[in-house]
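Trainee: Sequence first, then the predicted structure:
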Amino acid sequence: MTVMIDSTRTLFEAARPHLTDADLSAVAGLAEHAADDARRMSAVCDGLACIIESDAARQGARAGSFQGGESIFGLLCSLGAAFDSIGAKADLGDSARAELLARAKGAGWPGGARGAAK
């Protein structure tokens, strides 16, 4: 686990009994946002790979902002934090979706959730 996932799980577990089904549906939407974030981060990584490939093809000519150890360190830490955040969103969204399903089954509502929390 990561600090972000552990923190969001702790907060979710504390709030879960107090959330309405509408609240849970909104939180469940975070899984979709995580997928969007992952696609954007993929495009960023592809762009960085193209810069590196371009540098290698020009035999020693350097382009782009990430040439030194300090800038590369900052980039990789930022990428790691972004992926951690994406993972936390997906985890939280999945937890909310599971809670909605559990409530629907427990209430005998086979096709949907109720409007208020228990």
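Mentor: Structure received.
Trainee: Which elements pack onto the helix or strand Glu99 falls within?
Mentor: Per DSSP states H and E: Glu99 is located in helix 69-106. With contacts taken as 3 or more CB pairs under 8 Å, 6 or more residues apart in numbering; DSSP states H and E, helix 69-106 sits against helix 3-15, helix 21-28, helix 30-57. Backbone N, C-alpha and C define where each C-beta goes, glycine included.
Trainee: Which one of the ones you listed lies nearest to Ala96?
Mentor: Counting by CB to CB, Ala96 lies closest to helix 21-28 out of the helices and strands packed on helix 69-106; the figure is 3.8 Å.
Trainee: So which bits of stretch 90-105 are buried?
Mentor: Buried positions in stretch 90-105, judged by neighbour count with 16 or more other CB atoms under 10 Å: 90-93, 95-97, 99-100, 103-104.
Trainee: and the least confident helix or strand in the chain by mean pLDDT with helix 69-106, angle?
Mentor: Least confident element among the helices and strands of the chain, by mean pLDDT, DSSP states H and E: helix 30-57 (a mean of 87). Angle, helix 30-57 to helix 69-106, by axes from the mean of the first three to the mean of the last three CA atoms, to 10 degrees: 160 degrees.
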